[in-house]
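Chemist: Here's my sequence, what's the structure:
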Amino acid sequence: MRPFLDLTIGFARTGVTGYGGGPSTIPLIEYETVKKYKWMTEDEFGQTLALANTLPGPIATKMAAYIGYKVKGSLGAVVAILAHILPSLIGMVGMLGILYKYRNSPFVSGMVAGVTPIIGILLLEMAYKFADKARKGLGFPIMLALSGISLVVLQLLNVHPGVMIGACLAGAFIVATYRNRGKADPDEIHVERKEESV
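Modeler: This is a model prediction of the structure:
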């Protein structure tokens, strides 16, 4: 029962504190998943996030589903999703009338303006972590080139991020496959040399 309780508490926290939608919730999910409960490593989280971005639907619920499934199978996925969405859903239904009535209030506008910089910092922190991982894995020049290409494709050409991520995953798969074919197995080389000597 403990894993289910941890999933409930962890994703309820991300659902309640994840102000601003899916992208701003990702650093909170990462904290619960990687640092607090250690359900996966930072690299695993990054790979999961990249794959989740290629699928349709809200990113936070996809992450909750995957992480819940990793921890406790199908039931874990259900628990994580419900724990993430129910607090916000109940809060929205309960406060809908009040929020609608005071949506133009300076107090509400001030709350939104006050929390916006925090969301920006969370997104900036996540972007820095991914850029640093890319630099370590690909090298600075390639990371910079891919970042520039991505910026042009996403902002100027208005290509959907999922398409861009899918293209990068396909490209990485092709490059990795090509490199593996180019490297011969040392044991196979050794066997071939033995056969030639005989």
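
Chemist: give me the number of residues near residue 94?
Modeler: 10 (other Cβ atoms under 10 Å). C-beta: built from backbone N, CA, C; applies to glycine.

Chemist: my bad, should have said residue 58
Modeler: Using other Cβ under 10 Å: residue 58 sits among 14 other residues.

Chemist: One more: the one 10 residues further on?
Modeler: Residues contacting residue 68 under the criterion other Cβ under 10 Å number 28.

Chemist: That one and residue 82 touch, don't they?
Modeler: No. Between residue 68 and residue 82 there is no contact under Cβ atoms under 8 Å: 9.3 Å.

Chemist: Can you pull out the low-pLDDT segments for the protein?
Modeler: 20-22, 99, 182-198 (pLDDT under 70).

Chemist: which other helices and strands contact the host helix or strand of residue 132?
Modeler: Residue 132 is located in helix 106-138, with elements delineated by DSSP states H and E. Contact analysis of helix 106-138 by 3 or more Cβ pairs under 8 Å, 6 or more residues apart in numbering; DSSP states H and E lists helix 22-30, helix 42-53, helix 140-151 as its packing neighbours.

Chemist: just checking, what packs against the helix ranked longest in the chain?
Modeler: With residue count as the measure and DSSP state H as the assignment, the chain has helix 59-101 as its longest helix. Packing contacts for helix 59-101, counted by 3+ Cβ pairs under 8 Å, 6+ apart, involve helix 2-17, helix 22-30, helix 42-53.

Chemist: one more time with 10 Å
Modeler: Packing partners of helix 59-101 (3 or more Cβ pairs under 10 Å, 6 or more residues apart in numbering; DSSP states H and E): helix 2-17, helix 22-30, helix 42-53, helix 106-138.

Chemist: Next, format the ones you listed as JSON lines and append distance to residue 168 and mean neighbour count.
Modeler: Formatted as JSON lines, these follow (distance: least, Cβ to Cβ, whole Å; neighbours: other Cβ atoms under 10 Å):
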{"stretch": "helix 2-17", "distance to residue 168": "26", "mean neighbour count": "18"}
{"stretch": "helix 22-30", "distance to residue 168": "18", "mean neighbour count": "20"}
{"stretch": "helix 42-53", "distance to residue 168": "8", "mean neighbour count": "16"}
{"stretch": "helix 106-138", "distance to residue 168": "10", "mean neighbour count": "13"}
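
Chemist: how about the ones you listed in CSV, adding distance to residue 176?
Modeler: Converted to CSV, those look like this (distance: least, Cβ to Cβ, whole Å):
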stretch, distance to residue 176
helix 2-17, 33
helix 22-30, 25
helix 42-53, 13
helix 106-138, 12
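
Chemist: of all those helices, which lies closest to residue 75?
Modeler: helix 2-17 (7.6 Å; Cβ to Cβ).

Chemist: which helices and strands does that closest one pack with?
Modeler: Under the contact criterion of 3+ Cβ pairs under 10 Å, 6+ apart, helix 2-17 touches helix 22-30, helix 59-101.

Chemist: re earlier: now do the helix holding residue 132 against helix 42-53, angle only.
Modeler: Put simply, helix 106-138 runs at 110 degrees to helix 42-53, going by axes from the mean of the first three to the mean of the last three Cα atoms, to 10 degrees.
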